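>>> quick one: sequence plus predicted model below, questions after.
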There are 2 protein chains.
Amino acid sequence: MSSAKCVTIGRLKFGGGAPIRVESMLKSRLESVGDCMDELDTLKRAGCELVRVAFPGESLSANLRELAEKSEVPLMADIHFNHRLALAAIDSGCASVRINPGNMSGGDGLMSVLSAAKASGAVIRIGANAGSLSNRQMESRGKDRAAALVAAVEEQLIPLLDMGFEDVIMSAKSSSVPETVRANFILAQRYPFPLHIGITEAGAGTDGAVKSASGLGALIAQGIGDTMRVSLTGESREEVEVAYSILRSMEVRRRGVNLISCPGCGRRHVDVGELVRQVKSLLTRDVPDGLTVAVMGCEVNGPKEAAAADIGIAGTQRGFVMFKKGSMAASGDLSKLEEILKKELAGSIPTI
Amino acid sequence: MSSAKCVTIGRLKFGGGAPIRVESMLKSRLESVGDCMDELDTLKRAGCELVRVAFPGESLSANLRELAEKSEVPLMADIHFNHRLALAAIDSGCASVRINPGNMSGGDGLMSVLSAAKASGAVIRIGANAGSLSNRQMESRGKDRAAALVAAVEEQLIPLLDMGFEDVIMSAKSSSVPETVRANFILAQRYPFPLHIGITEAGAGTDGAVKSASGLGALIAQGIGDTMRVSLTGESREEVEVAYSILRSMEVRRRGVNLISCPGCGRRHVDVGELVRQVKSLLTRDVPDGLTVAVMGCEVNGPKEAAAADIGIAGTQRGFVMFKKGSMAASGDLSKLEEILKKELAGSIPTI
């Protein structure tokens, strides 16, 4: 489904049927260009395609310009309360800015930002967070937070459309999954612009990843979402890794290896957890994206389910059997696994 | 939405509007009753409501009977290829059995199992895994695996309905999220029986949790699913924890604390990750289920977003501010946080 319209940031298309993009936000402060560049480099290697950076003051314009010049990943400057900051960000070479049109010093300020964006080709992201809804916005929608979120996004969107600006990405976020899902359902039905999706302040670790995956999975299953950020307390690299894990699960992007492994019930012949760790350690970055590797503990479902994978490994009473695209490729005792698997991985080709 | 019909296992209702139940499966072997009881106890404490146990041979009937008598969580015996095992499981006191009606030694064998189940009140789970689809099933649906999964479930369901047995839970599982989601959409539209949902062989760690959450979030958002198992390579307790994390995210069950925390951008005044760890360590099991605690790094979105939580903590330039249901409750430097938070937690009441 995706959005009907697409926008271009850097050399990448967002929306209009392009792959769902993966974003993050710099945790380093703009005061240190070195720290920011290190983080940008890490994010680039993890597969990040757009990085948001807080731009709190014009005194940091030179730093922002240096980042925009050096970064291989396009930047989106995050602007609060000042149209001059938005102008400075665009002038510094940022491919996109996130603004609240209501905070751009009135219509003239907003128009100057839109003119500068049009001239440079910069994309503007607008959007609302449930945490920033005003009492007026809440009351106007009978305290329905999802509806109020939609109304808050529309308050930002309409002025841009009225001024003839359509290179827009919209977002509606909440730390509540059902609120976020419902608001985005409504926006996707009403407007053709690309949607940035995410669950705000999802938390840390597995709980944060689960919360993001629950909500983004629900949206992506309905074809909603053109670019996403997994918002985690932790390293920004983790946000990108979890984002790709979600996209891989939904089978819409295939970066990384799709590792399938059984839970290891009473039928198992091998320690599945240990076998998974062993296999994972052999799946280095030069293994092709999208490869499906299955690790199964027994011969009841094992060989059959493992047979559908590019490479399948199932425990048997005598050791293991290995399948390659459904055909038995090797078997032996577990001491031979590493050698044989390495050989198979070297020649493997993904199926999705 | 949930299923129209409900069944009762032990003292718990499944389907018909009951809360979505949380299941797991014993990784201990039935040969050791001691190991099984330890695992059952751990699962019980984690909130598990139904435990499946592989029952591979009649020689283990006495062990199964002992577990069924001692376990505080109802058991579902997992039966392969033998109606006598199903009869033995029901006779041993299992509140439910998982069978494949096609493997019950013909119509007479199946009828004897259904009669025994009716007499004892045992619920029967049937269902198909994508890994076990036959070539015939695949070909009959033009190699559409989701449609073939549905057909495979129907092949198991119809004989039971023909024999007048309706205390049924259905399942259709695949290690592919889109296949699982699509098959369950179809089943939920066609049949009124409770659905057991899950992604098979989801993997290990965060990736496994993310895959499960992506798929189960997509189903639960559409009101589909009455009982669930998160199938992870790892400890069975983890499966239950991730299941509740998903249910909490979807706001359909509230076991545990709903911890919200911001990603910690360039605006932060405190180390959010460190603050989250500190707060988490204070959230012991006697804190009420469903409590929402927000941890925010700064005063831009922080106090406002944290204010919606039961307890909110936001970093400031001078230390922290704490909110209790929207009202400022305390502030101070970070050294005071532990003492003040403990006091607040002692008197806290959940809002969801």
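Looks like it arrived, so ask away. Here the structure is a predicted model, which is why all the values come from computation and not from measurement. Numbering: from 1, shown residues only, chains lettered A, B, ... in the order given.

>>> show me chain A divided up by domain.
Taking automatic domain parsing as the domain assignment, the record places the domains of chain A at A:6-249, A:258-346.

>>> mean pLDDT and mean neighbour count added to the ones you listed, as TSV?
Where you see a C-beta, it was placed from the backbone N, CA and C, and this is true even at glycine. Putting these into TSV (pLDDT from 0 to 100; neighbours: other Cβ atoms under 10 Å in any protein chain shown) gives the following:
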stretch	mean pLDDT	mean neighbour count
domain A:6-249	95	21
domain A:258-346	78	19
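
>>> how about those in TSV, adding distance to chain B?
Shown next, in TSV, are these (distance: least, Cβ to the nearest Cβ, whole Å):
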stretch	distance to chain B
domain A:6-249	3
domain A:258-346	3
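
>>> which of the ones you listed sits closest to B:Val33?
Shortest distance between B:Val33 and the domains of chain A, using Cβ to Cβ, is found for domain A:258-346: 12.8 Å.

>>> what's the end-to-end length of the closest one?
Start to finish, the residues bounding domain A:258-346 are 17 Å apart (Cα to Cα, to the nearest Å).

>>> my read: A:Phe193 touches A:Leu161, true?
No - A:Phe193 is not in contact with A:Leu161 according to Cβ atoms under 8 Å; the separation is 9.3 Å.

>>> for A:Glu338, what are its contacts?
Remark: with contacts taken as Cβ atoms under 8 Å, 6 or more residues apart in numbering or on different chains, A:Glu338 is in contact with A:Gln278, A:Leu282.

>>> just the element for A:Thr42, please.
When secondary structure is defined using DSSP states H and E, the element that contains A:Thr42 is helix A:33-46.

>>> so what secondary structure elements neighbour that helix?
Under the contact criterion of 3 or more Cβ pairs under 8 Å, 6 or more residues apart in numbering or on different chains; DSSP states H and E, helix A:33-46 touches strand A:50-54, helix A:61-70, helix A:236-249.

>>> neighbouring contacts of that helix?
If you take Cβ under 8 Å, 6+ apart as the criterion, helix A:33-46 is touched by A:24, A:26-30, A:51, A:53, A:63, A:66-67, A:70-73, A:236-237, A:240-241, A:244.

>>> can you pull out the strands in the stretch 201-350 of chain A?
For the stretch 201-350 of chain A, strands defined by DSSP state E, counting those that start in this stretch occupy the ranges A:227-229, A:258-261, A:292-296, A:311-315, A:320-324, A:327-332.

>>> A:Val168 versus A:Arg254, what's the distance?
Counting by Cβ to Cβ, to the nearest Å, the separation of A:Arg254 from A:Val168 is 29 Å.

>>> ok, back up a step: mind putting the helices and strands packed on helix A:33-46 in a markdown table, distance to A:Ile79 included?
As requested, the helices and strands packed on helix A:33-46 are exported to a markdown table (distance: least, Cβ to Cβ, whole Å):
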| stretch | distance to A:Ile79 |
| --- | --- |
| strand A:50-54 | 9 |
| helix A:61-70 | 11 |
| helix A:236-249 | 20 |
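
>>> how about A:Val321: what's its closest non-neighbour residue?
Distances taken as Cβ to Cβ, 6 or more residues apart in numbering or on different chains put A:Ser331 closest to A:Val321, at 4.4 Å, once the chain neighbours are dropped.

>>> and that neighbour, what does it touch?
Counting by Cβ under 8 Å, 6+ apart, the residues that A:Ser331 touches are A:Thr316, A:Arg318, A:Gly319, A:Phe320, A:Val321, A:Met322.

>>> farthest pair in those residues?
A:Arg318 and A:Met322 (13.1 Å).

>>> now do the contacts for A:Cys94.
Applying Cβ under 8 Å, 6+ apart as the definition, the contact partners of A:Cys94 turn out to be A:Phe55, A:Leu64, A:Ala68, A:Leu75, A:Met76, A:Ala77, A:Ala122.

>>> tell me the SS of the residue nearest to it when sequence neighbours are not counted?
Closest residue to A:Cys94 apart from its sequence neighbours, by Cβ to Cβ, 6+ apart: A:Ala77 at 4.4 Å. Remark: A:Ala77 carries the secondary structure label strand [criterion: DSSP: H, G, I helix; E, B strand; the rest coil].

>>> isn't A:Ala77 right up against A:Val53?
Yes - with contact defined as Cβ under 8 Å, A:Ala77 reaches A:Val53; the gap is 6.0 Å.

>>> shared neighbours of the two, anything?
Among the neighbours of A:Ala77, those also in contact with A:Val53 (Cβ under 8 Å, 6+ apart) are A:Leu64.

>>> A:Ala18 contacts A:Cys6, correct?
Yes - counting by Cβ under 8 Å, A:Ala18 touches A:Cys6, with 6.0 Å between them.

>>> overlap in contacts, the two.
Between them, A:Ala18 and A:Cys6 share the contacting residues A:Asp226, judged by Cβ under 8 Å, 6+ apart.

>>> dump the C-alpha coordinates for stretch A:133-147 into CSV.
Coordinates of each C-alpha in stretch A:133-147 appear next as CSV, following Å, rounded to 0.1, in the frame of the first residue of the first chain:
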residue,chain,number,x,y,z
LEU,A,133,-1.3,17.7,23.0
SER,A,134,-2.9,20.8,24.4
ASN,A,135,-6.0,20.8,26.6
ARG,A,136,-7.8,22.6,23.7
GLN,A,137,-6.8,19.8,21.3
MET,A,138,-7.9,17.1,23.7
GLU,A,139,-11.2,18.8,24.6
SER,A,140,-12.1,19.4,20.9
ARG,A,141,-12.0,15.7,20.3
GLY,A,142,-13.9,14.6,23.5
LYS,A,143,-10.6,13.6,25.1
ASP,A,144,-10.1,10.9,22.5
ARG,A,145,-6.3,11.0,22.3
ALA,A,146,-6.0,9.3,18.9
ALA,A,147,-8.5,11.7,17.4
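
>>> list of residues touching that stretch?
Defining contact as Cβ under 8 Å, 6+ apart, one finds that stretch A:133-147 is touched by A:130, A:148-149, A:151-152, A:155, A:174, A:176, A:178-180, A:182-183, A:186.

>>> so which of the residues you listed belong to helices?
Residues from the contacts of stretch A:133-147 lying in helices, with DSSP state H as the criterion: A:Ala148, A:Leu149, A:Ala151, A:Ala152, A:Glu155, A:Pro178, A:Glu179, A:Thr180, A:Arg182, A:Ala183, A:Ile186.

>>> redo these as a markdown table? Include distance to A:Leu259.
Output for the ones in helices among the contacts of stretch A:133-147, formatted as a markdown table (distance: Cβ to Cβ, whole Å):
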| residue | distance to A:Leu259 |
| --- | --- |
| A:Ala148 | 41 |
| A:Leu149 | 36 |
| A:Ala151 | 43 |
| A:Ala152 | 40 |
| A:Glu155 | 44 |
| A:Pro178 | 30 |
| A:Glu179 | 32 |
| A:Thr180 | 28 |
| A:Arg182 | 33 |
| A:Ala183 | 33 |
| A:Ile186 | 36 |
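
>>> of all those, which two lie farthest apart?
Among the ones in helices among the contacts of stretch A:133-147, the pair separated by the greatest distance (Cβ to Cβ) is A:Glu155 and A:Pro178, which sit 22.3 Å apart.
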